[in-house]
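**Student:** Fold the following and give me the result.
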Amino acid sequence: MMKRIPTILVLEDGNYYKGWSFEQKQPVIAIGEVVFNTGMTGYQEIITDPSYFQQIVTFTYPEIGNTGINDQDIESHNISIKGLVAKNICKVSSSWREEESLVTYLSRYQIPFIFGIDTRSLTQHLRQFGTMNGCISTDNLNHGYLKQKISQVPGMQGLDLIPYVTTETVYPWDEKSLPIWYLTDRSRTQIDTQLKVIVIDFGVKLNILRRLATLGCHIIVMPAQTSIEDILADKPDGILLSNGPGDPSAVYYGIKTVKNLLDHNIPIFGICMGHQILNLALNAKTFKLKFGHRGINHPSGLEQQVAITSQNHGFAVDLQSVFKPFVQVTHFNLNDTTVAGIGHSQSPYFSVQYHPESSPGPHDADYLFENFVEIMIRSKHKVHQ
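**Tutor:** Residues are numbered from 1 along each chain as shown. Sure thing, here's the model as predicted:
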């Protein structure tokens, strides 16, 4: 039987919340940026999403863990979050797909967590004062001592976290047997377009690769630091700039590479971090949001065309800096009117500040992958004419 132990969450401004955890192999003190996600589902995808690297995720839904953990719903092969905060965590889960409980999973990977706190109060505090660093501790419960420890850790602004999550080697992604649930979801059928897509890995999610695979793309994943010469040597039909963690303006090598790629007129599709890096390469600017967008019900659109989208980002593109020749805003986040998508009127570049591959989550933006394929096919035909 798991032993319940006192645990504390301390924020950098001195606010603290007392709760519980279950005893792990050794006491922990985990420091990261405390954020909140409003999704009712998808805790396993969130835990394994590299975009949450170095973040302590608060789940606003009052109970998580009730469907357990399985090997198919992961977004990467590593746990990315720094810690987990919940009102209630199910010790006993119930799903025909479950392979282990959430508590067992977190304990196995030594991921700190705290439950039994007022997550509504915490979320309201973060909305009012903004996301900030915090600490989950089962080792020392002195909030004054922990606040001092937090003050020694830098904030998210200015941090380049991509080297911690990107692949170290170039590899073809050739998952032969896509999960049955993935192929049957939305009645997907696999096709073969013979298009070569290079995915620049800023922290890519598996469902992005799966979506490209169902559309017949031959996928090569490359590290974020890959040179433009190595990218062009593979003669790609298109380039996808993936999601990822940290401050996009600090990813100078990625911005430089994409800026150089713009001269070659190769179709480019940016998602989240990729969206921000594409915009920075187009000489736009980014800024840190007060508390970010993290959830699966964010309306995005333009001119009465609205899609419900899955979002996870703490930075956004500055609207005033977007107004460049031939660059158009294609989507706004309709909660706060920040830029949620751009397109180029003269070149095959576009990007979105949300996750069209989201699963679980809304499927409204799934068409963007088909658009990317159509753009690559047209560009390929132009080259051969």
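**Student:** Please name the residues that touch the closest residue to Lys3 other than its chain neighbours.
**Tutor:** Nearest non-adjacent residue to Lys3, counting by Cβ to Cβ, 6 or more residues apart in numbering: Glu23, 4.3 Å away. Bear in mind the C-beta positions are built from the backbone N, C-alpha and C, glycine included. Glu23 sits next to Met2, Lys3, Arg4, Ile5, Thr138 when contact means Cβ atoms under 8 Å, 6 or more residues apart in numbering.
**Student:** Now these in JSON lines, please, with extra columns for neighbour count and secondary structure.
**Tutor:** Shown next, in JSON lines, are the contacts of Glu23 (neighbours: other Cβ atoms under 10 Å; DSSP: H, G, I helix; E, B strand; the rest coil):
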{"residue": "Met2", "neighbour count": "13", "secondary structure": "coil"}
{"residue": "Lys3", "neighbour count": "8", "secondary structure": "coil"}
{"residue": "Arg4", "neighbour count": "13", "secondary structure": "strand"}
{"residue": "Ile5", "neighbour count": "12", "secondary structure": "strand"}
{"residue": "Thr138", "neighbour count": "22", "secondary structure": "coil"}
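**Student:** closest to Gln276 among those?
**Tutor:** Nearest to Gln276 among the contacts of Glu23 is Thr138, at 35.4 Å by Cβ to Cβ.
**Student:** Off-centre distance for stretch 8-15?
**Tutor:** Its chain's C-alpha centre and that of stretch 8-15 lie 25 Å apart, by Cα atoms, centre = their mean, to the nearest Å.
**Student:** Can you measure across it, start residue to end residue?
**Tutor:** For stretch 8-15, the first-to-last residue distance is 11 Å (Cα to Cα, to the nearest Å).
**Student:** Repeat that for stretch 86-98.
**Tutor:** Stretch 86-98: ends 20 Å apart by Cα to Cα.
**Student:** Go through that stretch and flag the buried ones.
**Tutor:** By neighbour count on 16 or more other Cβ atoms under 10 Å, the buried set for stretch 86-98 is Ala86, Lys87, Ile89, Cys90, Ser93.
**Student:** Tell me which of those residues fall in strands.
**Tutor:** Ala86, Ile89 (DSSP state E).
**Student:** Show me which pair in the buried residues of stretch 86-98 is furthest apart.
**Tutor:** Across these, the longest distance by Cβ to Cβ is 16.2 Å; it joins Lys87 and Ser93.
**Student:** right, and the helix or strand after the strand with the most length in the chain?
**Tutor:** Ranked by residue count, the top strand of the chain under DSSP E comes out as strand 286-302. Sequence-wise, the next helix or strand downstream of strand 286-302 (DSSP states H and E) is strand 305-317.
**Student:** Could you check what's spatially nearest to Gln24, not counting adjacent residues?
**Tutor:** Distances taken as Cβ to Cβ, 6+ apart put Ser107 closest to Gln24, at 5.2 Å, once the chain neighbours are dropped.
**Student:** Surely that neighbour is in contact with Gln26?
**Tutor:** No. Counting by Cβ atoms under 8 Å, Gln26 is not a contact partner of Ser107; they are 11.2 Å apart.
**Student:** So if I had to pick from the two, which one is more boxed in?
**Tutor:** Ser107 (18 against 8; other Cβ atoms under 10 Å).
**Student:** Pro348 versus that one, what's the distance?
**Tutor:** 47 Å (Cβ to Cβ, to the nearest Å).
**Student:** try Gln26
**Tutor:** Remark: distance between Gln26 and Pro348 (Cβ to Cβ) = 52 Å.
**Student:** swap in Tyr105?
**Tutor:** Look at Tyr105 and Pro348: by Cβ to Cβ, they are 41 Å apart.
**Student:** what does Pro248 give?
**Tutor:** In terms of Cβ to Cβ, Pro248 sits 21 Å off from Pro348.
**Student:** Look at the two and report which has more neighbours.
**Tutor:** For Pro248 versus Pro348, neighbours defined as other Cβ under 10 Å are more numerous around Pro248 (27 against 18).
**Student:** And Gln44, which helix or strand is it part of?
**Tutor:** Using DSSP H and E, Gln44 maps to helix 43-47.
**Student:** what is the orientation angle of the helix or strand just after that helix with strand 305-317?
**Tutor:** Remark: after helix 43-47, the chain's next helix or strand is strand 55-59, criterion DSSP H and E. Calculated by axes from the mean of the first three to the mean of the last three Cα atoms, to 10 degrees, strand 55-59 forms an angle of 150 degrees with strand 305-317.
**Student:** For strand 55-59, name the packing helices and strands.
**Tutor:** If you count contacts as 3 or more Cβ pairs under 8 Å, 6 or more residues apart in numbering; DSSP states H and E, strand 55-59 packs onto strand 29-37, helix 43-47, strand 83-86, helix 119-129.
**Student:** hey, which of the ones you listed is tucked in deepest?
**Tutor:** strand 83-86 (a mean of 25; mean count of other Cβ atoms under 10 Å).
**Student:** Describe which strands it pairs with in its sheet and in which direction.
**Tutor:** Here strand 83-86 has these sheet partners by DSSP bridges: strand 55-59 (parallel), strand 113-115 (parallel).
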